[in-house]
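> got a predicted structure plus its sequence, pasted below:
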Amino acid sequence: MRKPILLASFALFTTLSAFPMKEIAGEFQPWDANCQILGNNVAFMTEWNGVTFKFFDKDGCVFEGGTDFSEYDMLVLKLKDASCMFKIKTEYTDGTTQQDSWGAEQAITPGLLVAGIALNHEHKKNVKDFVLQSADYPGMITVDKVIACTKAEYEQMLKEEKAKRFELTLKKVNEGGGADYDPATKTISIKDDWAHKGWYFNDQFRDFSLFNLFVIQFAQPTATDGEIGIEYDGEGAQTTTSRFETGVSQVNVPLSKDKNKLRQVYVKGPSGATFVLKGARFATNGEVTAIKRIDKEKTSANAPTRYYSLDGRELKQPTKGLHIEKKNGSAQKVFGR
């Protein structure tokens, strides 16, 4: 038994209710500097990194001799936000030595706000700790509570806590050839005509059935047309594509019936196109606002001409060389002299 490490950790204090459900006291301990604890936020700075949740004893000290959860079926994280793909793994002890063969791991469905793992029925009297490990992409989760509960209570929480969105990281956009991505400027640069760049998901994290749409937002109105592609696994699964025009700032793409086996999403465009990303997420219908296009903002016959650079920045006046001019709902490239 040892005193808890307070640096880069937080405590979740025990409360008992009239129900078997129990809130667990303990702390998250990062594996290394690539994972940080910021209040109730667990920030995974790199892929396949993690934290260990250590249980407290009645004196508020970390106890690794085995905590008794024999009255419960599940360990559950109640989350306020989940924008990271991660898995939970339970670890057990015989009182002195960790018994790896007793443990189990569970990949959490992306966006789920109630992340649970079943306890080993034969050994749940000696739970040493549990770990959270990020998947291929960095991200963050916000933990509300750590709970031990029955299976029925877990299933009830699943019904009550509905996912709304799952943000994709802009720190790493690595899927696809013939195009580059700069994480500093969040810019996709298309080299080969209609090449693509996007996100490819590990086969443990392809169930996006909680959501209805993929939403991508551009920090600057698009200077060219392009396309969003969504690919799925399985025989007969069809790729979902959605073309967008010049001047678009947001594209909403409905997910197909195969959304429980979604492999990758990406942006395509003509050679030389650049797309500056503002955000990308999976969302429910109720969470999403309508598509906004700058070429629809003014439709009056007397609307002024608006000028844009090829990377989508609005200009005060036309410039020499190639730029974009928009008026009355139409846009065209113009070479200024």
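Thanks, I have it. Numbering: from 1, shown residues only.
> helices of the chain, residue ranges please.
In the chain, the helices defined using DSSP state H lie at 151-160.
> in it, what helix or strand scores lowest on average pLDDT?
strand 330-336 (a mean of 59; mean pLDDT, DSSP states H and E).
> who does S189 bridge with?
D180, T274 (DSSP bridges).
> that one and T274 touch, don't they?
Yes - contact criterion CB atoms under 8 Å: S189 and T274 qualify, at 5.2 Å. The C-beta positions use only the backbone N, C-alpha and C, and glycine is treated the same way.
> the two: which is more packed in?
T274 (20 against 17; other CB atoms under 10 Å).
> so how far is G286 from the most centrally placed residue in the chain?
Centroid-nearest residue in the chain: S83, 3.2 Å away (criterion: CA atoms, centre = their mean). S83 sits at a distance of 18 Å from G286 (criterion: CB to CB, to the nearest Å).
> same question, D57
The value you get for D57 to G286, if CB to CB is used, is 44 Å.
> quick one, which of these two is more surrounded?
More crowded of D57 and G286, by other CB under 10 Å: D57, with 14 against 8.
> report pLDDT for that one.
According to the prediction, D57 has pLDDT 92.
> what's the answer for K298, then?
At K298, pLDDT is 36.
> same question for the one 10 residues further on.
Turning to Y308, the model gives it a pLDDT of 69.
> likewise for G236?
Taking G236 on its own, its pLDDT is 87.
> how near is it to K162?
Distance of G236 to K162, given as CB to CB: 30 Å.
> the more surrounded of those two?
K162 (13 against 6).
> give the contact list for the more buried one.
Contacts of K162 were listed using CB atoms under 8 Å, 6 or more residues apart in numbering, and they are L113, L210, T284.
> what do you get if the cut-off is 10 Å, keeping everything else the same?
With contact set as CB atoms under 10 Å, 6 or more residues apart in numbering, K162 has these partners: G111, L112, L113, V114, L210, T284, G286.
> can you mark which positions in stretch 270-289 are buried?
Buried residues in stretch 270-289, counted by 16 or more other CB atoms under 10 Å: A273, T274, F275, V276, L277, A280, R281, F282, A283, T284, V288.
> relative to N41, how far out is the second one?
Between T274 and N41 the computed distance is 32 Å (CB to CB).
> check F211 too.
In terms of CB to CB, F211 sits 22 Å off from N41.
> G39 contacts V143, doesn't it?
Yes - between G39 and V143 there is a contact at 9.5 Å, judged by CB atoms under 10 Å.
> higher neighbour count, those two?
V143 (22 against 8).
> grab the nearest non-local neighbour of that one.
Closest residue in space to V143, ignoring its immediate chain neighbours: N40 at 5.1 Å, by CB to CB, 6 or more residues apart in numbering.
> ok, now how distant is that neighbour from S209?
27 Å.
> same check, this time on K326
For K326 relative to S209 (CB to CB), the value is 39 Å.
> can you check F63 too?
Distance from F63 to S209, by CB to CB: 38 Å.
> still on that earlier bit, lowest-confidence entry in the buried residues of stretch 270-289?
V288 (76).
> correct me if wrong: that residue contacts V215.
Yes - using CB under 10 Å, V288 is in contact with V215, at 5.8 Å.
> common neighbours of these two, please.
The overlap between the contact sets of V288 and V215 (CB under 10 Å, 6+ apart) consists of R165, Q250, N252, R281.
> out of those, who's nearest E91?
Using CB to CB, R165 is the member of these that lies nearest E91, at 31.3 Å.
> list the contacts of that closest one.
R165 neighbours (CB under 10 Å, 6+ apart): 81-83, 111, 210-211, 213, 215, 279, 281-284, 287-288.
> tell me which of the residues you listed is nearest to P20?
Of all the contacts of R165, A82 has the smallest distance to P20: 25.1 Å, by CB to CB.
> OK, contacts around the nearest residue to that closest one once chain neighbours are set aside?
Using CB to CB, 6+ apart and skipping the chain neighbours, the partner closest in space to A82 is I141 (4.9 Å). Shown in contact with I141 (CB under 10 Å, 6+ apart): 40-44, 51, 77, 79-84, 86, 108, 113, 115, 132, 134.
> and the gap between the spatially closest residue to M45 that is not a sequence neighbour and E47?
Counting by CB to CB, 6+ apart, M45 lies nearest to N34, which is 4.6 Å off, once chain neighbours are set aside. Taking CB to CB as the measure, N34 falls 9 Å from E47.
> okay, and the common contacts of those two?
By CB under 10 Å, 6+ apart, the residues touching both N34 and E47 are S134, P138.
> show me the shaky parts of the stretch 201-337 of the chain.
Applying pLDDT under 70 to the stretch 201-337 of the chain flags residues 289-303, 308-313, 320-324, 327-337.
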